[in-house]
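# Task: produce atomic coordinates for the following.
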Amino acid sequence: MYVGILTAPLRKKPLAELVPWAAQHGIQALEIDVGPGSHLDAATADDGQLEQLRGLLATHGLRISSLAAYGPLVGASEERVRQQARTVQQAISLAAKLGVDTVCTLAGMPVAGKSRAQTIAEDLPGAFRPLLDLAGQHGIRIGLENWFATNIQHLDHWRQLFDVLPDAHFGLNFDPSHLDWQGIEVLSAVHEFKDRIFHVHAKDVAVDEVRRARVGYGGDGWWRYVLPGYGRIRWGEFITTLRQIGYDGVLSVEHEDGAFPAEEGFIKSARYLNALV
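This next block holds a predicted model:
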């Protein structure tokens, strides 16, 4: 297992600076944002950029854990959905050129007037089938981050999704923070979906129990995302459980903790996680 970062919060730092900076601070992998205007825009990246990136990674001993193309494939405007589908297609082609085996994206939002379960049954097959076919042709896996706001809020949704789309190269970018604050048991989820965990987001969550006791689970302001080690996730147990199921991939820090600037947050997270892996 090794520590990486999702590059999105450092978009203003060119890859020529980001790669050596990451290596200097014990970061071993990059989950590279390839959306519009990102470090490596999948729509415009050319062979020269790819060759430069390969050289940077080789020089500094880093790898790419995945290409990140987060956006709604269902449950948004027709134009937004079409644009996101193009971005994921381009990300798959780019991953094949770079020798990266995983593209991470989202399961989309519930379609207006439909529940998550209805959207999974009626809309996700049409959205994902062409992408899965393309990914399969290139030997690429598609991993969905289990962001609670999307169609895969909880484990019943996960099970339904993989029943509807059982392709072996369709799985999860597993983020424990999205489960914990909902009261969903993280370690049990790891065991149940062990064959679907392709990539892992390292993000923690802090809970204000006094606030929650006042506003209830349906209220707001009682939980927030924090750096690994600053919240409720039992990282030692979590990492041990990942080892038990045979996961030996990345712990990719997704930095959404407003208490720390991007660079400082990534450095602290890498230092903490490297002591555990």
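
# Assign Val103 to one of the three secondary structure states.
strand (DSSP: H, G, I helix; E, B strand; the rest coil).

# Could you check how far it is from Leu15?
18 Å (CB to CB, to the nearest Å). C-beta here means a position set from N, CA and C on the backbone, and glycine is covered the same way.

# Quick check: which element contains the residue of the chain positioned farthest from its centre?
Distance from the C-alpha centroid of the chain peaks at Arg214, with 32.1 Å (CA atoms, centre = their mean). Using DSSP states H and E, Arg214 falls within helix 209-215.

# Past that helix, which element shows up next along the chain?
Assignment by DSSP H and E places the next element after helix 209-215 at strand 223-226.

# just checking, what packs against that following strand?
In terms of contacts (3 or more CB pairs under 8 Å, 6 or more residues apart in numbering; DSSP states H and E), strand 223-226 is packed against strand 204-207.

# How about residues contacting the strand it packs on?
Contacts of strand 204-207 with the rest of the structure, by CB atoms under 8 Å, 6 or more residues apart in numbering, involve 176-177, 180-181, 222-233, 235.

# Please identify the buried residues of the helix holding Arg214?
Neighbour counts over helix 209-215 (16 or more other CB atoms under 10 Å) mark no residue as buried.

# Ok, stretch 71-78 next?
Gly71, Pro72, Leu73, Val74, Gly75, Ala76.

# for the last one, what are its contacts?
By CB under 8 Å, 6+ apart, the residues touching Ala76 are Gln84, Gly108, Met109.

# Unless I misread the structure, the second one falls within a strand.
Spelled out, that is Gly108. No: Gly108 is assigned coil when assessed by three-state DSSP, not a strand.

# Just the C-alpha atoms of stretch 31-46, please, in PDB.
Taking Å, rounded to 0.1, in the frame of the first residue of the first chain, the C-alpha atoms of stretch 31-46 are listed here in PDB:
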ATOM      1  CA  GLU A  31      -4.600  10.800  -8.800                       C
ATOM      2  CA  ILE A  32      -4.500  13.300 -11.600                       C
ATOM      3  CA  ASP A  33      -7.500  15.500 -12.300                       C
ATOM      4  CA  VAL A  34      -8.200  15.400 -16.100                       C
ATOM      5  CA  GLY A  35     -11.300  17.500 -16.200                       C
ATOM      6  CA  PRO A  36     -11.600  20.700 -18.200                       C
ATOM      7  CA  GLY A  37      -8.900  23.200 -17.200                       C
ATOM      8  CA  SER A  38      -7.100  20.700 -15.000                       C
ATOM      9  CA  HIS A  39      -3.500  19.700 -14.700                       C
ATOM     10  CA  LEU A  40      -3.900  17.300 -17.600                       C
ATOM     11  CA  ASP A  41      -7.000  18.200 -19.500                       C
ATOM     12  CA  ALA A  42      -8.100  14.900 -21.200                       C
ATOM     13  CA  ALA A  43      -9.700  16.900 -24.100                       C
ATOM     14  CA  THR A  44      -6.400  18.700 -25.100                       C
ATOM     15  CA  ALA A  45      -3.500  16.600 -23.700                       C
ATOM     16  CA  ASP A  46      -1.000  15.900 -26.500                       C
END
